[in-house]
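K.L.:
model this:
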Amino acid sequence: QLSLILADLVRGKIKDTCPPRYKLVCQVVIGQNSNQSLAVASRGLLDSSRDDFAAATFQNNSLFTVAVVYGSYYE
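P.N.:
So this is what the prediction gives:
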């Protein structure tokens, strides 16, 4: 539930500054920080001349969050 709320918030903030022809996809991962390693990976087909992505992380003593937003040019 919290992942959905955060993804909507992030996408909403970015959508205000993004050109109208871009389709945004937002992915948020939240997990317990229990001093173990974890890898979050994502792949996609992007046009390197038009499409891009941004990623951000947050971590404290009890949890971690990874947010990735993809911007894809849409005609």
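
K.L.:
need the helices for the chain, in chain order.
P.N.:
All helices of the chain, identified by DSSP state H, fall at 2-15.

K.L.:
And for the closest residue to S62 other than its chain neighbours, the neighbour number?
P.N.:
Closest residue to S62 apart from its sequence neighbours, by Cβ to Cβ, 6 or more residues apart in numbering: N33 at 5.8 Å. The C-beta positions use only the backbone N, C-alpha and C, and glycine is treated the same way. N33: 13 surrounding residues under other Cβ atoms under 10 Å.

K.L.:
I figured N33 hits F58, correct?
P.N.:
No - judged on Cβ atoms under 8 Å, N33 makes no contact with F58 at a distance of 10.3 Å.

K.L.:
shared neighbours, those two?
P.N.:
Residues touching both N33 and F58 (Cβ atoms under 8 Å, 6 or more residues apart in numbering): F64.

K.L.:
From N61, how far out is the most centrally placed residue in the chain?
P.N.:
Geometric centre of the chain, nearest residue: V68, 1.8 Å, by Cα atoms, centre = their mean. Separation of V68 from N61 (Cβ to Cβ, to the nearest Å): 23 Å.

K.L.:
picking that back up, contact partners for the residue nearest to S62?
P.N.:
Residues counted as contacts of N33 (Cβ under 8 Å, 6+ apart) are 59-64.

K.L.:
closest to Q27 among those?
P.N.:
F64 (14.3 Å; Cβ to Cβ).

K.L.:
burial measure for that closest one, as a count.
P.N.:
16.

K.L.:
What's the separation between the closest residue to it other than its chain neighbours and Y22?
P.N.:
Nearest in space to F64, with sequence neighbours left out and distances taken as Cβ to Cβ, 6+ apart, is N33 at 5.0 Å. Distance, N33 to Y22, by Cβ to Cβ: 33 Å.

K.L.:
before we move on, what about E75?
P.N.:
Counting by Cβ to Cβ, the gap from E75 to Y22 is 11 Å.
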